[in-house]
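[1] how would this look folded up:
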Amino acid sequence: MLRPKRIYLAAPYTHESSVVMNQRFEEINKMAAELLTNGFHVFSPISHAHPINEIAGLGRGFIKWMDYDLSIIALWADEVWVMQMDGWKESVGVQCEISFATKLGMSIIFINENSIKEHYSSIEEKEEPWKEIARYCWDKIAETK
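    Numbering: from 1, shown residues only. Predicted coordinates:
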């Protein structure tokens, strides 16, 4: 079985203005949706943590979520893609994610809304042995209906 490439989508988020943070959240979600629509598996830490934090009040900023985010890079992602939006060069979180992924020998891909389509050709399928088990489970569930 084969699987799509798994992308960790790094982007700046924290800002003194909640308006800017919400704008970044929206822009990041649009990019994650575009990548998903075009065949990638995507983990966006901002898309994941922002709504959870809104409900639970766990805290904002990369330091709060660092262990969680870096474990996703190390244990799940094939590549780290960096959104080159305002603030990405100054973002402690983005720079840490780049550094961490580089130390792991991972590819870092820099993207923006104009360059993203260039990377669609990099969709590659990888072996995924668990998919056969998942299909078996879905077939069993279908049999019970």
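
[2] Count residues in the vicinity of residue 23, would you?
    Residue 23 has 14 neighbouring residues, counting by other Cβ atoms under 10 Å. For the C-beta atoms, the positions are set from N, CA and C on the backbone; glycine is no exception.

[3] Could you report the pLDDT at it?
    With respect to pLDDT, residue 23 scores 94.

[4] Not including adjacent chain positions, what is the nearest residue to residue 98?
    Leaving aside its chain neighbours, residue 98 sits nearest to residue 108 (5.7 Å; criterion: Cβ to Cβ, 6 or more residues apart in numbering).

[5] Residue 90 reaches residue 12, doesn't it?
    Yes. Using Cβ atoms under 8 Å, residue 90 is in contact with residue 12, at 7.3 Å.

[6] what about these two, which has more around it?
    Taking other Cβ under 10 Å, residue 90 and residue 12 do not tie; residue 12 has more neighbours (25 against 9).

[7] right, and that one touches residue 88 too?
    Yes. Taking Cβ under 8 Å as the definition, residue 12 is a contact partner of residue 88 at 5.0 Å.

[8] okay, and the common contacts of those two?
    Common contact partners of residue 12 and residue 88 (Cβ atoms under 8 Å, 6 or more residues apart in numbering): residue 94.

[9] what mean pLDDT would you report for stretch 44-54?
    80.

[10] So which residues make contact with that stretch?
    Contacts to stretch 44-54, defined as Cβ under 8 Å, 6+ apart, come from residues 8-11, 13, 21, 24-25, 28-29, 31-32, 58-60, 65, 68-69, 72.

[11] Likewise for stretch 82-92?
    Stretch 82-92 is contacted by residues 9-15, 24, 27-28, 31, 62-63, 94-95, 97-98, 108-112 when judged by Cβ under 8 Å, 6+ apart.

[12] Which ones among the residues you listed map onto helices?
    24, 27-28, 31, 62-63, 94-95, 97-98 (DSSP state H).

[13] Among those residues, show me the least confident.
    Ranking the ones in helices among the contacts of stretch 82-92 by pLDDT, residue 62 lands last with 63.

[14] Any stretches of the chain with poor pLDDT?
    1-2, 53, 56-63, 116-141, 145 (pLDDT under 70).

[15] how about the strands of it, start to end?
    Using DSSP state E, the strands of the chain run over 2-3, 6-10, 41-43, 79-83, 107-111, 126-127.
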